[in-house]
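Asker: For reference, the sequence and a predicted model appear below.
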Amino acid sequence: MEEGSSDSETERIRNICILAHVDHGKTTLADHLIAAAGGGVVHPKLAGRVRFMDYLDEEQRRAITMKSSSILLRYRQHAVNLIDSPGHIDFCSEVSTAARLSDGALLLVDAVEGVHIQTHAVLRQCWIERLTPCLVLNKLDRLITELKLTPSEAYTRLSRIVHEVNGIVSAYKSEKYLSDVDSLLAGASPSGEALEDYDDNEDVFQPQKGNVIFACALDGWGFGIREFAEIYASKLGASVNALQRALWGAKYYNPKTKMIVGKKGVAANKKPMFVQFVLEPLWQVYQGALDGDKGLVEKVVRSFSLSVPLRELQNKDVKVVLQAVMSRWLPLSDAVLGMVVRCMPDPVAAQAYRISRLIPKREVEVVEDERRVVEEAETVRQAVEGCDCSEEVPCVAFVSKMFAVPVKMLPGQRGDVGNGYGDEGEADSDECFLAFARIFSGVLHAGQRVFVLSPLYDPLKGESMQKHIQEAELKSLYLMMGQGLKVVTSAKAGNIVAIAGLGQHILKSATLSSTRNCWPFSSMAFQIAPTLRVAIEPSDPADVGALLKGLRLLNRADPFVEVTVSARGEHVLAVAGEVHLERCVKDLKERFAKVSLEVSPPLVSYKECIEVDVSNVLENLKVLSRRSDYVEKSTPNGRCVVRVQVMKLLPSLTKVLDESSDLLGDVIGVKPGQQKSLETQRPSILKNDNPAEVLKKRILDAVQGDILSRNENDKDHAEKCKLKWQKILRRIWALGPRQIGPNILFTPDIKAESTDSSVLIRGCPRVSERLGFVADSSVNDLVAETPSNANQTLYMDAEHLESSVISGFQLATSAGPLCDEPMWGLAFVIEARICSFSGQHDESETQQQSEQYGIFAGQVIATVKDACRAAVLQNKPRLVEAMYFCELNTPTEYLGPMYAVLSRRRARILKEEMQEGSPFFTVHAYVPVSESFGFADELRRWTSGAASALLVLSHWDALPDDPFFVPKTEEEIEEFGDGSTVLPNTARKLIDAVRRHKGLPVEEKVVQHGTKQRTLARKV
């Protein structure tokens, strides 16, 4: 009996998060839900204005949410864990942490602004984390009061938004379907799922199914189709279910026959039932109140027996009257929470289909000794899948983030918490770190000892995994109530809790388990990577220790911050954007470090490439086989001559190599340097057992697609290019920088073999072998010419120097010639020949020469590096900068000032379109990252706050300007002069700025007027 009651208790839990674009009304909606079901922490009259979940001072000041926070609501014997999340792109990592702990999502869309770029992002997050979404169309009152639409126009607008959101989800379904089909054709079946799941082509969001709510969160009213179906069921003599199906779509009511008919059975000017029975009554109430017609409002009050205080009905402010009537007629909390209980799954149902995302099934070859470990790990996985909340099963929880709270905010005494701070030396801090966690199986108790597993932990590897597993004691458990915390002694599976005592064990996220034999949860996917970097230092050098401690605390408290030390010894803070940076610096100054700080201008990353006409693919490939177009350098001792040729890769191939660095790391055996963003992760990657096959297919598809798009009319030429590329891809010796970058080193052409006096360092296409482009190079080595005894030593030297050539290539690609930034999308062929010393040298002379010039391998590395950099300089080098995709919304009258701001920022306009039925324009543009700092503030200033912008990292784009431009033709000399007066172009300015920051030499005039002294009075 006890077990049955615990099961039914778990089935009455709902874990939901609120997701939306910025300023679409998430926190306002949360206020009304808390006022109705939060146990009296918010008064209903203050709902929508108090912003209860935004309890940080910075959140209240800026009126935006900056962190995800949870609260427990009680609604009709159900427990609803509600997580409010930010909508600003700078805090999208908080959306990832909220989505991982939830089973369902309330997706808010502004009925006036419609679907925005962040709406796409949060829908993708829902899709990846396998959440059940419900749609809330908010700010319905603005269609009446601001846009003054008729009910029919409003219906058209609402149906278009629902259709657009369904289209986004459908696109994600199609993408997954196609990727699974590809993996089937490649010979690998998609794990855990069959293709019959895709047969259902039904729209996800359908008002008649009850998973769409129409609302005005600010005034506290909202409704679904079901509410109006119940109102009209007795009047029209129809069942509630029949009316619910008919109140959306092309369904019409015939008053003569009292029948619901389709479009063919009515007159041309007839209104749909949703307009006639739902929207028109709402419009009449609003227009009656706005026009001062009290009779209509009082009629609604009488008809539905609403208990509205007389003083509110007689209030002179129309908004107060409307809010009083509408919030009692169509209460928002009942509509939303009713939909949550009906349409969203409980933890038992949700974890059954989310398990493939949370703990992917691993196919491992079981050795007899490991059978017990695998069986226990499978038992744990089954417990998570069934959300088993009994005491006997292993307890498993996932910590999605660590968050800091002031110690004085904790209930009870400070001593109860123990050391939850970080390092032992930080126990005197005023901040305590709590883990934001959800229990997926078993029961978690305060004081329990658990294992903390990192995402890299593998229970089968035993001793080698010690650094990925720690044992910790849970000091306290808390239920989160917004900014408040409520102490609990234990919590069952399906609940969301805060845990104290894990501060020194977890940095960002981790899996908690009561057993060692448990697979860790898969890592969370983030939408973007931290792109804004600043150097930070204390104003007083004596405060360096406090800064280091503060940075450690900040790194733990924020799931998205990255703290590194640069090669110059600077402490570099990497964040998502300007708003995120301001919040981090404020937290450092006031909470964590408590010292005055100096923050450098943003450190922008660039890349370097060359300018080549990529349209003629065949000609570019011939560059690598040409004997004349090369750069030649010799080592100081003259023993090695290096010739380097360089070519620009196809843009699509460069993009694939850049986005697949995680896969390349698995194939080549190198750990990637940074986490990839959400947009570059595909579901098929996670499920395919052979990453080499996936990569090979991607590379070939990218090359083929690029060639076909450039040679649509000439199929023969395209086929030649394709065969040439397939041949050259068999010669990939290495990738760079860091062995997984978007630059390729090809082995030299075997036709140019060794002569009598020198030996070619031939290299080995190791990367091509790993990717499956060639079978095995050991056969080629046997076929190669057999060296004579005289050259035996040279051949051995050539073999040993292969690693030196690769090292020189890695150094060159990691720091290009323009401003020591990494190279981007280049292919190199390095032909290095070594010869014996000229003349006869005895051993002592050889020893002296080696000491004079350094070790020979080091000379080869330096020479290869210099030759690669010189080859780039010789082939029209260009600077490549990161670009933001910018979505702007502005009223018509501010289009001019907005375009003025964009032109000053070197923006490139993509499209401009007017939002249907509104006075707003939506403009899409590309803005360079280097020009984006202060962009939002300048835009607000020039448009009087009317325009808004959202920036998302998009791609890398080469600047067309030549940094070494000198006028040569008659037209150029006429326009720019003889060259002495030419101002530096944009590319040169950016290069000089980076070189100055790095301490590299810059060509500039230091003395402006050296012939005479310049005084304040300017006397000669």
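Answerer: Cool, got the structure.

Asker: Glu363 in helix, strand or coil?
Answerer: coil (DSSP: H, G, I helix; E, B strand; the rest coil).

Asker: Please settle this for me: is Leu46 part of a strand?
Answerer: No - checked against three-state DSSP, Leu46 lies outside a strand; its state is coil.

Asker: Isn't it up against Ala35?
Answerer: Yes - shown here, Leu46 and Ala35 form a contact pair, counting by C-beta atoms under 8 Å, at 7.5 Å. C-betas here are computed from N, CA, C, even on glycine.

Asker: and Asp711, how many residues sit next to it?
Answerer: Check again: residue 711 is Asn, not Asp. 20 (other C-beta atoms under 10 Å).

Asker: That one and Ala718 touch, don't they?
Answerer: Yes - with contact taken as C-beta under 8 Å, Asn711 and Ala718 are classed as touching, separated by 3.9 Å.

Asker: on that earlier part again, which one's more surrounded, Leu46 and Ala35?
Answerer: Ala35 (22 against 12).

Asker: pLDDT at the nearest residue to the more buried one once chain neighbours are set aside, what is it?
Answerer: Leaving aside its sequence neighbours, Ala35 sits nearest to Ala47 (C-beta to C-beta, 6 or more residues apart in numbering; 3.9 Å). On pLDDT, Ala47 comes in at 80.

Asker: Quick one: neighbours of Ala47, just the number.
Answerer: Residues lying near Ala47 (other C-beta under 10 Å) number 27.

Asker: That one and Val41, how far apart?
Answerer: Distance of Ala47 to Val41, given as C-beta to C-beta, to the nearest Å: 11 Å.

Asker: shared neighbours of those two, anything?
Answerer: Common neighbours of Ala47 and Val41 (criterion: C-beta atoms under 8 Å, 6 or more residues apart in numbering): Ile34.

Asker: chain center to stretch 202-221: distance?
Answerer: Taking C-alpha atoms, centre = their mean, to the nearest Å, one finds stretch 202-221 lying 28 Å from the centre of the chain it belongs to.

Asker: Would you mind listing the buried residues in it?
Answerer: Of the residues in stretch 202-221, 204-221 count as buried by neighbour count, 16 or more other C-beta atoms under 10 Å.

Asker: Repeat that for stretch 30-40.
Answerer: Judged by neighbour count using 16+ other C-beta under 10 Å, the buried positions of stretch 30-40 are 30-38.

Asker: And the residues you listed, which is closest to Val278?
Answerer: Closest approach to Val278 among these (C-beta to C-beta): His32, at 20.7 Å.

Asker: How far does stretch 229-237 sit from its chain's centre?
Answerer: Using C-alpha atoms, centre = their mean, the offset of stretch 229-237 from its chain centre is 47 Å.

Asker: same deal with stretch 287-298?
Answerer: 49 Å.

Asker: and that stretch, what's its mean pLDDT?
Answerer: Throughout stretch 287-298, pLDDT has a mean value of 78.

Asker: if we can go back for a sec, take the buried residues of stretch 30-40 and lay them out in JSON lines including distance to Cys609 and secondary structure.
Answerer: Formatted as JSON lines, those follow (distance: C-beta to C-beta, whole Å; DSSP: H, G, I helix; E, B strand; the rest coil):
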{"residue": "Ala30", "distance to Cys609": "48", "secondary structure": "helix"}
{"residue": "Asp31", "distance to Cys609": "51", "secondary structure": "helix"}
{"residue": "His32", "distance to Cys609": "53", "secondary structure": "helix"}
{"residue": "Leu33", "distance to Cys609": "52", "secondary structure": "helix"}
{"residue": "Ile34", "distance to Cys609": "53", "secondary structure": "helix"}
{"residue": "Ala35", "distance to Cys609": "57", "secondary structure": "helix"}
{"residue": "Ala36", "distance to Cys609": "58", "secondary structure": "helix"}
{"residue": "Ala37", "distance to Cys609": "57", "secondary structure": "helix"}
{"residue": "Gly38", "distance to Cys609": "56", "secondary structure": "coil"}
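
Asker: out of these, who's nearest Ser333?
Answerer: Ala36 (3.3 Å).

Asker: Quick check, the closest one in contact with Leu337.
Answerer: Yes - look at Ala36 against Leu337 with C-beta under 8 Å: they come within range, at 7.4 Å.

Asker: Overlap in contacts, the two.
Answerer: Common contacts of Ala36 and Leu337, defined by C-beta under 8 Å, 6+ apart, comprise Tyr75.

Asker: For the lengthiest strand in the chain, which helices and strands make contact with it?
Answerer: Counting residues, the longest strand found in the chain (DSSP state E) is strand 877-891. Strand 877-891 sits against strand 606-610, helix 895-904, strand 920-928, strand 948-958, helix 986-998, with contacts defined as 3 or more C-beta pairs under 8 Å, 6 or more residues apart in numbering; DSSP states H and E.

Asker: what comes up buried for the longest one?
Answerer: Of the residues in helix 986-998, 986-988, 990-995, 997 count as buried by neighbour count, 16+ other C-beta under 10 Å.

Asker: Measure how that helix sits relative to strand 877-891, angle-wise.
Answerer: Taking axes from the mean of the first three to the mean of the last three C-alpha atoms, to 10 degrees, one finds helix 986-998 and strand 877-891 inclined to each other by 100 degrees.

Asker: Brilliant, that's me finished.
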